[in-house]
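Mind folding the following:
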Amino acid sequence: MNAPFVVELSPAEKLAALRTYDRFRHWSALEEARCCLQCGHIITGAQVRVVGPAPFQLECPTEGCRSIPMDWVLPQAKTVLERPEPRSEPIHRMGKLRERPSQLTPPSNRLRQIIGALIISHFRQRS
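Here you go, the predicted model:
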């Protein structure tokens, strides 16, 4: 198995990769922004890491954050949520310990309802 590596793409290729590998939201341009629910940062399509080998994966560009498109929401949706400060420690996947700074509280039921409604409306729009 090959080790993952960041793939360097032209702007047109990167936009095509975003459209192909982000099954949750459509990308119209590299300047579009998303809010990462794992690290709390606002990221653009131009900043997203494309990781290989093929089939490629998309990852948050924030150092130490390994979130994927499923963890990104449109910034307008994030303004509905009370945005915490960006996390100082990454949250790791694959069964590793998830560390959170003590000042953050777990997501509320209201947050889960909002995210669920956004996902449902997204899939209804695509149908």
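
which residues of the protein score low on pLDDT?
The model of the chain has pLDDT under 70 over residues 1, 77-109, 126-127.

just how off-centre is the longest helix seen in the chain within its chain?
Counting residues, the longest helix in the chain under DSSP state H turns out to be helix 109-126. Relative to its chain's centre, helix 109-126 lies at 15 Å (CA atoms, centre = their mean, to the nearest Å).

just stretch 32-51 next, same as before
With CA atoms, centre = their mean, you get 5 Å for stretch 32-51.

can you offset everything so residue one is 567?
From this message on, residue numbering opens at 567, which makes the last subject stretch 598-617.

May I have the distance across it, first residue to last?
Distance between the two ends of stretch 598-617: 20 Å, counting by CA to CA, to the nearest Å.

And that stretch, what's buried?
Neighbour-count burial for stretch 598-617 flags 598, 600-607, 609, 611, 614-617 (criterion: 16 or more other CB atoms under 10 Å). Where C-beta positions appear, they are placed from N, C-alpha and C, glycine not excepted.

same check, this time on stretch 575-590
By 16+ other CB under 10 Å, the buried positions in stretch 575-590 come out as 580-581, 583-584, 587-588, 590.

related to what we said a few turns ago, packing partners for the longest helix of the chain?
Applying 3 or more CB pairs under 8 Å, 6 or more residues apart in numbering; DSSP states H and E, one finds that helix 675-692 contacts helix 641-646.

Look up the closest residue to the spatially most central residue of the chain, ignoring the ones flanking it.
By CA atoms, centre = their mean, the chain has its centre lying nearest to residue 638, at 3.2 Å. What sits nearest to residue 638 in space, not counting adjacent residues and going by CB to CB, 6 or more residues apart in numbering, is residue 600, at 3.8 Å.

again with residue 604
Leaving aside its chain neighbours, residue 604 sits nearest to residue 633 (3.8 Å; criterion: CB to CB, 6+ apart).

Appreciated, that's everything.
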